[in-house]
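Novice: Sequence plus the predicted model coming up.
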Amino acid sequence: MRKFIFPCLLISFASFSEVAVLKDGNISTSACAYGRGQGAITQASDNAAAELGRFIKGNKLLDFGDNKESIDVNLNQVYSTYRSNILEGLSNGRMQLDLGQPYIQGNDTCIEVALNIHHFPQENGDNDSLEWDDDNPTVTVTVIGEGWSKSGSSARQHAEQDALRRAISRVVGVYLNQNAMQSSQNIMQISNGDEYNAIKDLMSQQLSSRSAGLVKSWQPLASKNLDNGGLQVTLQVVVEKSPFIAQSSDFLTQIGSPRVKVLAPDTLEPILKTWLSEQGIESGAGASLQVIAKHKLTGSANSKRLSLTVEVRDLADNLYGRWQNDPSLAALPYSNHVLDDLTRVAFEMPKQLQDLQKVLSKAFINIVSQGGLVREIKIHSNHLEQPEMIHSVISTIGGIKDVAIFTKNQYLVASVRYAGDTGELVSILQNSLAAISKSSLPNGQVIDDQTIIFN
Amino acid sequence: MLKKILVSAILATLVTGCQSTGPSSQTQKIIVKNKASSASIAKNAYNFSDDDITVPAYFDTQGLERCTFDRQKENEGCPLKKPIVRIYFDNNSTAGKGKGLEHVKQVNNLELVKMLENQLAGLSRFRIITRDDQAIGQEQATYLAEQGASAYAKRAAQQKILAPDFIVKIDTTKTVDTFYAQTSGVMDYTLEMTSAVIDPFTKEKMSHPNIGKIRVKSADVVNSRDELNVVIVNGRYYSGFNFSDPLVVQAMISDMASRGFDIFLTRMLSEMPSTAQVLGIKGDQLSLDRGQNAGVLVDETMVIFQYEAGFVEPIGVAKVTPSKQSASGKIVKWKNSNLAKSIKQQAGSGIFRPHNGAKIFAVSVGTPASFLENRT
């Protein structure tokens, strides 16, 4: 029975037209929804999909339109085999529907919808097998590294180092995706791909230098010669999770929740400090970072508006981030408490606070990506035997960047950026400077979080 | 006989030829009158004659295809997108040598602005940003006190104040004169209004809508001209119209402004008629694709016309009733034309829908009579 004809029976509903079976075996109907615009179109198309679902589910008879021609598709077979798939697809919205041009009918917007039975919902393919499984103490990744021989190391050594770096970087990516950023207490909330990449790069860079402590084992799977004496290796790397998590958390805490000093007018300070502490940022007097807030009332007596600015600066006044609220959002008539009212309102606006959070997060990332906070190391000239060597000595200290030397009064001052804490820097300096100082280099003193003095 | 006809024909040709070589005359001189302006409103559809069924100016045949129907993000090409405006009155420009000129200068223009805002908003030709900061500020403070900072912030963040596309600037000149008779004087106040739609960033004054000049005299707003009589003794008010009382003067100017606004609105409705597309005709019944949302007013008189390849052909005149986003109407009189007869015939035996590239539109002819009675 290649061809068959269903008797035509029109079953009408108040707001639905009949369902018609098209020549290609698809079925179509039109439906309307009150209103105009995308909302009404979506509603109408949902109504049509529901009607199609009811049609397939129920015992309705097919209407072939005006000509009542027989059709060339064995619908019985198609609809009986895939009936449940189609119904499921229609109910969860994954069934492909061909939408016609919407048209207006009085107050309603109508649309013709055809069900494409030749396209069934696709199962979601899982193409990335690497997942952060909390029950497993290790993560195994397969990576490719490339290297060329230079300065005494073989191509294989370089290729393996490259592969290990990539392995760490990949694990960092998975970790960031699935764990670290889910904490609401952590200010490091990634809002876009750029921030994600910046953090990932920084973290990969930091952790790759310590890959020896993180990689539990690795084994070569394949290798291939490259041009110019290069080598490509494929490694299966097993990364141990507990040290990785510990180091990652430290890193994120270091950049995401530094201690700050809040400088703000009286009306603003308590509310800003409370908000900062809710974000996991501790405030205190001796901090090396300053969060400086200012406010200003503008506008006529009937509509006073509040401009707020918050800046993140270090003690050397370098600016890392600046946020400004949108004063146009709220206006109140002048009163004795208008400043308090508008400040309270400003700190209740979710979008504005998200922006502030982003600015702070970016500022903290900025500090780390620039090599840490600026510190001034002041050394009394009397203590140095080879003052001309100070630049090269300080530059070789791990973690120090942007070294600038100048003299001020009796002191030789080295302005540097350092990613770690100040106390740690003092002990490193004590050892390094010993080589170019006279025998009696005194202990370094931390004046504030920015200044270290050897007096 | 043939000769006579030939001579007559030649003479006629010569006469016609002489006439055609004379000076052309396309303009004529008239005396410019300085009378008070009057309002003109649409005729009731039932009173239309066949010759009256012509297409009014400024119709717009843009369909709704490009509309998103999202009030805040409407497409530029959508006919439902209305310009957002803020209304300004100029500073008090006053003239004349009448008594009490100083009180005319003190008339509060902001009150007039609010009055015009209210009336113009109802036309649905513009979206208006109010300048009533006092009421808005008071309500916001109350909202904050009653609902709390969080609810206030949430709402304030969601709904931003509209940004104006244009400003509507009303320029006024207020004049006061006092005419002295034997025993008393007569006060004569005049209010002249012109309006401009200005792009505040390019400073361009738009050519449309062109409302022209509106002139209102004090005699137009009083029940009897005697109310304007005044007795002045030694240069001071004694009895009659109290030109020295600022409240009386404010009331008089407000009445005049109100009349001026009525005229303003009627002209606005003629300059910016509402146009809608006809989706179908069934018998005498019309179905239109837009209603209140496109500024169609209650009992609107609309001319129905077919628009094809740039040509318009009137079909009839209808009385239309809007609903929120569509409208229905009744063709009260069909045009005496072949097209109208054909459509009437087709609509008589089912629903007639425009096809083959021809579209049918309905355009309003001006302010409905009921609008002035019920809304002003």
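Specialist: All right, it came through fine. In this text the structure is predicted, and so the values were computed from the model without any measurement.
Novice: ok, now which ones touch whichever residue of the stretch 1-150 of chain A sits closest to chain B?
Specialist: Closest to chain B within the stretch 1-150 of chain A is A:Gly37: 2.8 Å, counting by Cβ to the nearest Cβ. For every residue, glycine as well, the C-beta is placed using N, CA and C. For A:Gly37, the contact set (Cβ atoms under 8 Å, 6 or more residues apart in numbering or on different chains) comprises A:Thr109, B:Cys67, B:Thr68, B:Phe69, B:Asp70.
Novice: What's the per-residue pLDDT of the fourth one here?
Specialist: This points to B:Phe69. pLDDT recorded at B:Phe69 is 84.
Novice: Quick one: the strands in the stretch 251-376 of chain B, in order.
Specialist: Using DSSP state E, counting those that start in this stretch, the strands of the stretch 251-376 of chain B run over B:275-282, B:285-288, B:300-308, B:311-322, B:327-334, B:351-352, B:359-364.
Novice: Which helix or which strand is home to residue 247?
Specialist: As the question left the chain open, I've gone with chain A. Assigned by DSSP states H and E, A:Gln247 belongs to helix A:241-256.
Novice: Chain B, not that one
Specialist: Going by DSSP H and E, B:Leu247 is in helix B:246-271.
Novice: what distance separates that helix from the centre of its chain?
Specialist: Relative to the centre of its chain, helix B:246-271 is centred 13 Å away, using Cα atoms, centre = their mean, to the nearest Å.
Novice: quick one: buried residues of that helix?
Specialist: Buried residues in helix B:246-271, counted by 16 or more other Cβ atoms under 10 Å in any protein chain shown: B:246, B:249-250, B:252-271.
Novice: go on, stretch B:148-167?
Specialist: So, applying 16+ other Cβ under 10 Å, buried residues of stretch B:148-167: B:Ala149, B:Tyr152, B:Ala153, B:Lys154, B:Ala156, B:Ala157, B:Pro164, B:Asp165, B:Phe166.
Novice: Just say helix, strand or coil for the residue of the stretch 351-455 of chain A found nearest chain B.
Specialist: The minimum distance from the stretch 351-455 of chain A to chain B, using Cβ to the nearest Cβ, falls at A:Lys351 (5.5 Å). Three-state call for A:Lys351 (DSSP: H, G, I helix; E, B strand; the rest coil): helix.
Novice: got a pLDDT number for the nearest residue to it once chain neighbours are set aside?
Specialist: Sequence neighbours aside, B:Ala157 is the residue nearest to A:Lys351 in space, at 5.5 Å (criterion: Cβ to Cβ, 6 or more residues apart in numbering or on different chains). Looking at B:Ala157, its pLDDT stands at 88.
Novice: can you give me phi and psi for A:Leu164?
Specialist: With angles defined as degrees, to the nearest 10, A:Leu164 sits at phi -70, psi -40.
Novice: That one reaches A:Trp218, doesn't it?
Specialist: Yes - between A:Leu164 and A:Trp218 there is a contact at 7.0 Å, judged by Cβ atoms under 8 Å.
Novice: what's the overlap in contacts for these two?
Specialist: With Cβ under 8 Å, 6+ apart, A:Leu164 and A:Trp218 have common neighbours A:Leu235, A:Val237.
Novice: What parts of the stretch 51-200 of chain A come near chain B?
Specialist: A:Ile104, A:Gln105, A:Gly106, A:Asn107 (Cβ under 8 Å from any Cβ of the partner chain).
Novice: Buried subset of these as a ChimeraX selection?
Specialist: Listed next is the ChimeraX selection for buried residues among those, using 16+ other Cβ under 10 Å:
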select /A:104,106,107
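Novice: between the residues of the stretch 51-200 of chain A next to chain B, which is nearest B:Glu76?
Specialist: A:Ile104 (20.5 Å; Cβ to Cβ).
Novice: Assign A:Thr309 to helix, strand or coil.
Specialist: Looking at A:Thr309 with three-state DSSP, the answer is strand.
Novice: give me the beta-bridge partners of it?
Specialist: A:Lys294, A:Gln324 (DSSP bridges).
Novice: Now chain B against chain A: closest residue?
Specialist: Closest point on chain B to chain A, by Cβ to the nearest Cβ, is B:Phe69, at 2.8 Å.
Novice: Let me see the contact set for that residue.
Specialist: Neighbouring residues of B:Phe69 by Cβ under 8 Å, 6+ apart: A:Gly35, A:Arg36, A:Gly37, A:Gln38, A:Gly39, A:Ala40, B:Leu80.
Novice: Repeat that for B:Ile170.
Specialist: B:Ile87, B:Tyr88, B:Phe89, B:Asp90, B:Leu112, B:Leu116, B:Met193, B:Thr194, B:Ser195.
Novice: ok, the residue of the stretch 351-455 of chain A closest to chain B to A:Lys296 distance?
Specialist: 21 Å (Cβ to Cβ, to the nearest Å).
Novice: and if you look at A:Gly321?
Specialist: 20 Å.
Novice: How about B:Asp171?
Specialist: Going from B:Asp171 to A:Lys296 by Cβ to Cβ gives 36 Å.
Novice: can you count the residues close to the closest residue to B:Phe126 other than its chain neighbours?
Specialist: Among residues not flanking B:Phe126 along the chain, B:Val85 sits closest, at 4.8 Å (Cβ to Cβ, 6+ apart). B:Val85 has 22 neighbouring residues, counting by other Cβ atoms under 10 Å in any protein chain shown.
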